[in-house]
Every structure is written in structure tokens, then in C-alpha cells.
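Peer 1: Pasting the sequence and the predicted coordinates here, then a few questions.
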Amino acid sequence: MSRTDAEKHIQRNPHPDFKKVESSRENWDDSLKWNLKQTIKPDWKYGDGANDGGASLKLPHISIDPYEEGRPAVANYKLLISGIIPRPIGFISTRSTDGSSTNLAPFSYFQVINHDPPLFTVGYAGGFDNAKDSLRNLTESGECVINIISEHFIEAANSTSINAPYGESEWSLSGLTPEKCKTVKASRVKEAIFSVEGKLDFTKEYESKATPGKKTGVLAVIEGTHFWVREDAVNAEKNLIDPAILRPMSRLGGITYGRTTEGVEIPRPDWEETVVKNEEAKKLVKPKVDGQ
């Protein structure tokens, strides 16, 4: 199945006339500012469990076998991308070895997994036999740039998810600005507040368990080699990016994106300070909890 046919098979867009549906919605609210709220239950203490008073325990669950008879793989895909949310988006720029082809595309199978060295994962759908342009360029050149998508260029970033033929540049369709890097030949997105230059560490191809022999995914691990942060978004120590400036967009299910406008702060607990010195918490300590 070609990538064009695969996208039609997924049926990602739930609206027959998207623009009509979109026009019925409220306008984008520029007045929303980053702010920190209290947690739902600021007086939570050890042993309290969920903050909903046990309401979630009264609702039943449905058991799903990912390989049950008659269940297509696309059902698992749609379930996972609607349940594992929000997901950070790796907006990845690549360049072929000879420089004749460039690619810019968003990936929501993306995460940072280590800081020394800086390591990132990107998950590509399909195998090497039907490699996306980004994966093809990455494996051939061994280089890329990971950009983080912010509110001010979400439409442009989304436009690059188009299933363009190999060799056709998504840069021109997006209208975004390529900027030179220091350690890789691929360009970073100048509009991006945070970008990471990277070198490919390794890839691993995965095979379908539902259809043995079919290659369904490739994991790429990328080592960060240089960082770029917009001046107004980073602190003097160059170790903290302000979420109020970054305004990152996240991926939800289907064709939905999420905004990051609110947060809560919850200190990480210390065993000595919050358990050993807390008589009530000490009473709860067990080597094993009932039901485990």
C-alpha cells in the first residue's frame, strides 16, 4: 500500500466539510496567557489516592486484544494516538547527502530520552522498503534538525505533513525560513524558538506481529550535537526555556492539536523529609500493596 493510499485508509479527518465545521467554532483566543494554577487537591496527602473521591473506580473498563481476529492494525494506531496524549512533536528537517533533496515534517512519535549525551527518539511508520523521505534522508546523511513547534507557526508546520513525492520540498509549501546550522548540513527552522541539531546514532526496524514478514516501523535514535534557543525565551544560565514564550503545540488524536497555556507545580517528594519524618506516611509503607 502506498503512503497516499495508507493515509486515505486511516480516515484521519472526521469532518466531510472541515472548513464549514471550523467556521462554526470560536476564534483563536490570543488573550490566553501562561499561568500556574493550584492542583485539584492542594491538601492531598500520602494514601489519598485519586483526587476524584473514588468516582473513577465505579466505571467499568473494556478489554482489548490488539491482535484479536478482525481487528485491523489501523484500529490500534487510532486508539494509541488518541490515548497517549499530549505528545510532543518533533518537527524534523533533513537533507539528502548530495543536497539535492530536503524534507521538513512533523512527527508525534518523538521524545527526549537522555541528556548526557542528549538523545532523542523518532518513530517512523513503515519499513525501510517504503521509507518516508525524512527517514531516507536521515539514514543516508546521518544528520537532521529537530525543531519544536510553537503556536505562531502551527499552520505552516501542519502543512508539511502532506504526502508529497520524494524530491518535492515541504519548505516552499510551508513558507517557513531555513537557517544554517553549525554541526549539520540540514537547515533549522528560523521561526522555531527551540531547535536541536542531531546526528543519527542507530535505527531499528520492526516487524508486524499481526502480519509476519511485513515491516511496520523504524525507530531512530538521534544524538543532539548543538542547541538553538531564541534569546527572549532562555534564562541567563542558558538552562531553562520559558513555556510562556515557547508556547509549544502538542499532538492529540486524529487531526487535533493541543495548546499549552496552564500548568501546576508539584514538588518532587523526598523520602527522608516527607515519609521518614511523617508518622502518618510511615504507617502506609509496605513492601507490597494488596492487589499487586
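Peer 2: It's in. Numbering: from 1, shown residues only.
Peer 1: Just name the shakiest helix or strand of the chain by mean pLDDT.
Peer 2: Scoring the helices and strands of the chain by mean pLDDT, DSSP states H and E places helix 3-10 at the bottom, with a mean of 60.
Peer 1: Show me the contact partners of the helix or strand just after that helix.
Peer 2: Sequence-wise, the next helix or strand downstream of helix 3-10 (DSSP states H and E) is helix 18-23. With CB atoms under 8 Å, 6 or more residues apart in numbering as the test, helix 18-23 has contacts from His15. Where C-beta positions appear, they are placed from N, C-alpha and C, glycine not excepted.
Peer 1: same thing but 10 Å
Peer 2: For helix 18-23, the external contacting residues (CB atoms under 10 Å, 6 or more residues apart in numbering) are 13-15, 17, 255.
Peer 1: can you put those in JSON lines and add neighbour count, distance to Cys181 and pLDDT?
Peer 2: As requested, the contacts of helix 18-23 are arranged in JSON lines below (neighbours: other CB atoms under 10 Å; distance: CB to CB, whole Å; pLDDT from 0 to 100):
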{"residue": "Asn13", "neighbour count": "11", "distance to Cys181": "34", "pLDDT": "73"}
{"residue": "Pro14", "neighbour count": "11", "distance to Cys181": "38", "pLDDT": "74"}
{"residue": "His15", "neighbour count": "11", "distance to Cys181": "38", "pLDDT": "76"}
{"residue": "Asp17", "neighbour count": "8", "distance to Cys181": "41", "pLDDT": "83"}
{"residue": "Ile255", "neighbour count": "13", "distance to Cys181": "31", "pLDDT": "91"}
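Peer 1: for the residues you listed, which one is nearest His152?
Peer 2: Ile255 (19.8 Å; CB to CB).
Peer 1: And the closest one, how far from Glu265?
Peer 2: 32 Å (CB to CB, to the nearest Å).
Peer 1: what about the helices in the stretch 51-200 of the chain?
Peer 2: Per DSSP state H, counting those that start in this stretch, the stretch 51-200 of the chain carries helices over the ranges 73-83, 133-141, 154-159, 170-174.
Peer 1: Give the buried residues for the last one.
Peer 2: Read that as helix 170-174. Buried residues in helix 170-174, counted by 16 or more other CB atoms under 10 Å: 170-171, 174.
Peer 1: now the first one
Peer 2: In terms of neighbour count (16+ other CB under 10 Å), helix 73-83 has its buried residues at Ile81.
Peer 1: got the contact list for that helix?
Peer 2: Residues contacting helix 73-83 (CB under 10 Å, 6+ apart): 6, 9-12, 64, 66-68, 71-72, 87, 108-109, 125, 208-211, 214, 216, 251-254, 256.
Peer 1: distance between that helix and the chain's centre?
Peer 2: 15 Å (CA atoms, centre = their mean, to the nearest Å).
Peer 1: Could you do stretch 215-227 as well?
Peer 2: Relative to the centre of its chain, stretch 215-227 is centred 13 Å away, using CA atoms, centre = their mean.
Peer 1: thinking again about what came up before, which of the buried residues of helix 170-174 lies closest to Val145?
Peer 2: Of all the buried residues of helix 170-174, Val145 sits closest to Trp171, with 12.1 Å by CB to CB.
Peer 1: pretty sure the closest one contacts Asn103?
Peer 2: Yes - with contact defined as CB atoms under 10 Å, Trp171 counts as touching Asn103 (8.6 Å).
Peer 1: anything in contact with each of the two?
Peer 2: Common neighbours of Trp171 and Asn103 (CB under 10 Å, 6+ apart) are 93, 160.
Peer 1: Tabulate the buried residues of helix 170-174 (JSON lines), appending distance to Asp30.
Peer 2: JSON lines is the format used below for the buried residues of helix 170-174 (distance: CB to CB, whole Å):
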{"residue": "Glu170", "distance to Asp30": "27"}
{"residue": "Trp171", "distance to Asp30": "27"}
{"residue": "Ser174", "distance to Asp30": "22"}
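Peer 1: what's the closest of the residues you listed to Gly53?
Peer 2: Ser174 (47.3 Å).
Peer 1: For the closest one, give me its contacts.
Peer 2: 104, 153, 155-160, 162, 189, 191.
Peer 1: so where's this protein uncertain?
Peer 2: The chain contains residues with pLDDT under 70 at 1-12, 292.
Peer 1: can you pull the contacts of the spatially most central residue of it?
Peer 2: Closest to where the C-alpha atoms of the chain average out (CA atoms, centre = their mean) is Pro88, at 2.6 Å. Applying CB under 10 Å, 6+ apart, we find Pro88 in contact with 107-108, 110-112, 120, 148-149, 248-251.
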